[in-house]
Structures are given as structure tokens and as C-alpha cells.
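Colleague: sequence-free structure coming up:
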């Protein structure tokens, strides 16, 4: 402990000495009781990770765990890639300027140049920030400013997630059952994902006498992450045409799918279209920096922020720190040098093929599998609803957790594999490993999953439910 003005502050060494029970106690007290309980129920609080490299996490009990989550898509190049660590070390040893607030940064300029090369068309003006939600906030503000008065309507889709700030929650259709807790933006309208006629209806219903529509912005995920929902191949071509016709700013949210996740550098490339603004994060920092950005076309940015007094109309304190820039720059080089986009496509096809095997072998448990690149999922059936209802009054969400909770727990405890379920559908596993994964690791995961699905999920599932709702 270190003492500052009578306060006994814990040190890194003190944290290293915490055992599992002490760690969980502090976590529940200071971070979240129910979150700690949930992690404990899944078995994740019984151990403490002490090291992470590539596809694996080493625990304090000596086990090596295969990480099939990519930590929610962040670890595009795996845990602690040595090239990123080395780049950050070299930067730190320079003792250079970290906060480029008053000088034009050559490092930001170089990274922006690189981004303009990997993005299509004339997407080349970049704004750096810290999280996907912040990137989407900035993108929507830019679109609103560009559209101008009378064009304030923002359209979003029914299955979507763009963040948890007030604005991004408003345009997150998958959060609509939770949104009544919070204030929401006005002038936001939801349409059905993948339905061009629904989008056209909203545009035309909001036409004024001069032939202009109130719709100024359409924000959408090119591929919906949860459930891996892929629209008809012509959908986004028609979206692009509508947006061009009515001067609507098209924002593609590539927070999860960007930088190779779907087997192409960006998910929108599967549809041969390009956005007016694109937001990205997660993989951008290479798992070592909390980093995000949006990129846009110069004529959109210049029209929106054309005046000198508008140069900082949208800003943030942490606008591209040196170490974040270095991490992102090296990450992009690794993706290129190690051919990770191609590996994502190849390994994704193999993983999906093997998941289809699982579906065929366990038709009573598996409802469907879906995937593109290394964005894959497997959805389980809630066949046991009547029995589970005898043990719980929590409703459908708890019932869905019966199967997935059991599978996640058994994969972790018996097979040393880390998996997770997305926040809006507890009946599925979202499988998004780092893009460095190989066939041997995929085979190990699939064979382990088959063993788990062959086991008595009833006992594990009921134990899980009983912890959630004691009998």
C-alpha cells in the first residue's frame, strides 16, 4: 500500500496478490454486483488471467484458454502482438509529445493517409476519438450539420446497435426494449433492416412542398453483427441510389466488422457500395489502444464545417494520442503483412462449414448457424421452456440462458475455451476469434463443442438457473 495524505492506495503489486475471492468482492463492490455475479455463475470469477498471447489466455491455475471471442472483436491480431508492443515501447522511449492539441501531428497525418488508401473512393477526412459510440455520435452530428435545417430526420434499422450514449441508444433498434429508461433524441425513425421499400416509404412520407425530404441521415450496419444477418445483395445498391437521389447522408457503422472481420477489409465492400461516412473502432487499436474514428468525404466535411469558427465545433480531449496512433498504424501494417483479411475469409469459410456439421449432428439443440469471414454465430433452440419455467419466473431471457449458460460454462471449465453470448440474444454464441486463427484451433473448438452438446446440459443448465433464481 502507498499512503498519500492518509489514504492507503493499492499498488499494482497489491492487485497481483489478490486471490479470486478478494478480487470478486472488490469487483462486486466497486464495479457491479450483478455483473460480478454473472461472471461468477459462468465460472469466469474462479480464476484470474495472468498472461495473454496470440489466441490464448493463461490463467493463474496454469491453464491455457483458447479465446474464441476476440474480446468482442477487439483483438484482430490476437493478444499482445509483439510488433504492437515493440512499436509502443519505441514510442515511449522517445519521450515524444503525446497530446497533439496545439501542433499538427505528422503521426496523425500519416495514419490518416494510410486510412484513405484502404477506404474506397474519396473517403479521406478523419476524426479520431475513443469509442465506437463516440465515433457514431460524431458521424451523426456531421451528417446533421451537412443536411441543414429542415433535414433533421435520422433513419435507423430495427435490428441495430450503435452504442449506449443517449443519441446512439436512440438509433439502436436492438435496444428498443430498454430505451424507455432513458431520454431519447427526437426526429429518429426506425425502418426494417434489409427492406428497401420501408426506407423508401419513410423518405417519401416526409417530403415537403418543395420536393425535398426531411430525412437527412441513414445510419446502418452493412452486416448486422448479432445473428450475422446479411441483407439481399442488391439492398445496399438500392440504398445508395436512394441516398444519392435525395441527398441523404449514408453512414455505415463498421465498429465491429471493420478491418477484415468479414473476409473483406470492410463489410460494405461485399455489396460494392461506399458510404458517405464510416465509423470504426474495436480492431482499430489492435487490442492495445482504446481507439475509434469516423472517415468522410471532403465535400461533406467542408460543407458542414466550412467556417473558421466551426473548426472545433465537434471535438474531443483525447483526439489521437501518440501511443494510440502508433498502435493503430502498426495494426494496419500487421493486417497487411500477415494477410489477415484473406485468412479471415479462408478460415471463416472453414469455421462455418464445421459449424454446419454441428447443426446437422445436433438438430434438436441447434436452430441455425450463420457466418461471413470470422463473424460467425450458432443459435440454440429453447426446446426446454416448459421444464425451465418450473424453475424460474424470469421469463424468456432466462430460458434462453439455460442452454447457452451451460455451454459457455462447460466449454470454459472442461475444454479451456472462452466463448460469449451477445447482449441482445441470449440464445446464441457469437464466435469472433482473432484473424490469426488456424484450422487446428478451429478443429479443437468444434470437437470440444460437439462433446459439450453431447453432455447432460440439463444438470449444468438447471444449476445455472438456480443460481440466477434460487428455488
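Modeller: Received the coordinates, thanks. Here the structure is a predicted model, which means the values were calculated and not measured. Numbering: from 1, shown residues only.

Colleague: count of residues packed around residue 323?
Modeller: 17 (other C-beta atoms under 10 Å). To be clear about C-beta, it is placed using only N, CA and C from the backbone, and glycine gets the same treatment.

Colleague: same question, residue 278
Modeller: By the criterion of other C-beta under 10 Å, residue 278 has 26 neighbours.

Colleague: what about it, helix or strand, and which?
Modeller: Assigned by DSSP states H and E, residue 278 falls within strand 277-280.

Colleague: Given that strand, what are its sheet partners and their directions?
Modeller: Using DSSP bridges, strand 277-280 pairs in its sheet with strand 249-253 (parallel), strand 292-296 (antiparallel).

Colleague: export those strands to JSON lines and tack on distance to residue 215 and mean neighbour count?
Modeller: Putting the strands paired with strand 277-280 into JSON lines (distance: least, C-beta to C-beta, whole Å; neighbours: other C-beta atoms under 10 Å) gives the following:
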{"stretch": "strand 249-253", "distance to residue 215": "10", "mean neighbour count": "28"}
{"stretch": "strand 292-296", "distance to residue 215": "18", "mean neighbour count": "27"}
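
Colleague: So which of the ones you listed is nearest residue 48?
Modeller: The stretch from the strands paired with strand 277-280 with the least distance to residue 48 (C-beta to C-beta) is strand 292-296; that distance is 28.7 Å.

Colleague: Give me the contact list for the helix or strand immediately after the closest one in the chain.
Modeller: Read in the C-terminal direction, the helix or strand following strand 292-296 is helix 298-304, with elements assigned using DSSP H and E. Helix 298-304 has contacts (C-beta atoms under 8 Å, 6 or more residues apart in numbering) with 122, 124-125, 142, 145-146, 249, 276-277, 310.

Colleague: What's the mean pLDDT across the strand holding residue 278?
Modeller: Mean per-residue pLDDT for strand 277-280: 98.

Colleague: quick check, distance from that strand to the centre of its chain.
Modeller: The offset between the C-alpha centroid of strand 277-280 and the centroid of the whole chain comes to 13 Å, using C-alpha atoms, centre = their mean, to the nearest Å.

Colleague: what residues does that strand touch?
Modeller: 119, 123, 132, 135-136, 138-139, 142-143, 249-255, 258-259, 266, 268, 292-297, 300.

Colleague: try 6 Å
Modeller: Outside of strand 277-280, the residues that reach it under the criterion C-beta atoms under 6 Å, 6 or more residues apart in numbering are 135-136, 139, 251-254, 258, 294-296.

Colleague: that older thread, between the strands paired with strand 277-280, which one is nearest to residue 431?
Modeller: The minimum distance between residue 431 and the strands paired with strand 277-280 falls on strand 249-253, with 20.4 Å, by C-beta to C-beta.

Colleague: Among the contacts of helix 298-304, which lie within strands?
Modeller: Among those, the members found in strands (DSSP state E) are 125, 249, 277.

Colleague: what about the strands in the stretch 1-150 of the chain?
Modeller: Listed in chain order, the strands found in the stretch 1-150 of the chain under DSSP state E, counting those that start in this stretch are 2-4, 7-9, 49-53, 56-59, 64-67, 125-129.

Colleague: Pick the most buried one from the ones you listed.
Modeller: Ranked by mean neighbour count, those are led by strand 125-129 with a mean of 23 (mean count of other C-beta atoms under 10 Å).

Colleague: so what strands line up beside that one?
Modeller: Here the strand partners of strand 125-129, with direction, are listed using DSSP bridges: strand 292-296 (antiparallel).

Colleague: Would you map the helices across the stretch 1-150 of the chain?
Modeller: Remark: helices assigned in the stretch 1-150 of the chain by DSSP state H, counting those that start in this stretch are 12-17, 20-30, 33-41, 70-73, 82-94, 106-118, 132-147.

Colleague: quick one: the residue lying closest to residue 455 once chain neighbours are set aside and residue 448, what's the gap?
Modeller: Across the structure, with C-beta to C-beta, 6 or more residues apart in numbering as the measure, the residue nearest residue 455 apart from its sequence neighbours is residue 410 (6.4 Å). When distances are taken as C-beta to C-beta, to the nearest Å, residue 410 and residue 448 turn out to be 9 Å apart.

Colleague: Is residue 124 in contact with residue 117, as I believe?
Modeller: No: between residue 124 and residue 117 there is no contact, the gap being 9.2 Å when judged by C-beta atoms under 6 Å.

Colleague: which of the two has more neighbours?
Modeller: Here residue 124 and residue 117 are set side by side on neighbour count (other C-beta under 10 Å), and the busier one is residue 124, at 16 against 10.

Colleague: contacting residues around the more buried one?
Modeller: residue 116.

Colleague: following the lowest-mean-pLDDT helix or strand in the chain, which helix or strand shows up next?
Modeller: Among the helical and strand segments of the chain, the one scoring lowest on mean pLDDT, DSSP states H and E is helix 385-389, with a mean of 48. Read in the C-terminal direction, the helix or strand following helix 385-389 is helix 396-415, with elements assigned using DSSP H and E.
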